[in-house]
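Participant: attaching a predicted model along with its sequence, questions to come.
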Amino acid sequence: MAETSQEILTAGGMVMLVLGVLTGHVMGMIRMNDSTPAPHYLLRTHEGCYMQGAILLGLALAAGLSDLSSGWENAAAWVLVVGAVLLFVKDFLNWRLGVEDEFATKGIGIALGSIMGILHTAGIAILTVGVFIAI
């Protein structure tokens with residue numbers, strides 16, 4: 001039976017994959033009406049969902065190897081899933097707000113991206129320690 005942290009990461013990964021599929025459909029509908037390339041941040045949203053989904057699913061396997069307490073593992077799992085969702089929200093908002101370059105505009109995208117980076121770093125660090133303790 002899977003540990004709670006594995007279930008959190010697996011559920012988060014699956015949600016991200018579903019969001020990847022949905023944003024792909026949106027991109028397809030936009031391209032059907034306008035043959036210009038897909039909007040930059042919509043494409044980033046779509047690709048980011050697939051990447052984050054695969055990463056979370058892979059980390060679910062790593063969580064199973066970890067020797068940390070369930071509290072640490074669950075905290076790492078939640079932090080990683082929240083970070084993945086923030087990446088989706090960041091790119092989605094950049095697309096909807098018509099942002100061309102989030103670094104130039106220094107808007108909400110930069111703030112959310114910074115928080116996401118901190119969360120992912122913390123979550124990866126926790127699971128990495130747990131896995132290396134175990135092996």
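Facilitator: On my side now, so go ahead. Numbers count the residues shown, from 1 in each chain.
Participant: host element of Ile30?
Facilitator: helix 4-33 (DSSP states H and E).
Participant: next secondary structure after that helix?
Facilitator: Scanning forward in sequence from helix 4-33, with DSSP H and E defining helices and strands, the next element found is helix 40-65.
Participant: so that next one versus helix 4-33, what angle?
Facilitator: Taking axes from the mean of the first three to the mean of the last three CA atoms, to 10 degrees, helix 40-65 and helix 4-33 form an angle of 160 degrees between their directions.
Participant: follow-up on the earlier one: ok, and for the helix holding Ile30, which residues are buried?
Facilitator: The neighbour-count criterion (16 or more other CB atoms under 10 Å) identifies 5-6, 8-10, 12-13, 15-17, 19-20, 23-24, 26-27 as the buried residues of helix 4-33. Quick note: C-beta positions are derived from backbone N, CA and C, even for glycine.
Participant: what is the least confident helix or strand in the protein?
Facilitator: Sorting the helices and strands of the chain by mean pLDDT, DSSP states H and E puts helix 102-105 at the bottom, at a mean of 90.
Participant: was I right about Leu9 contacting Asn74?
Facilitator: No - in this structure, Leu9 sits apart from Asn74 without contact. The criterion is CB atoms under 8 Å, and the distance is 9.9 Å.
Participant: contacts only, for the residue most central in space within the chain.
Facilitator: Among the residues of the chain, the one closest to the centroid is Ala84, at 2.2 Å (CA atoms, centre = their mean). Counting by CB atoms under 8 Å, 6 or more residues apart in numbering, Ala84 makes contact with Gly12, Met16, Gln52, Gly53, Ile55, Leu56, Met116.
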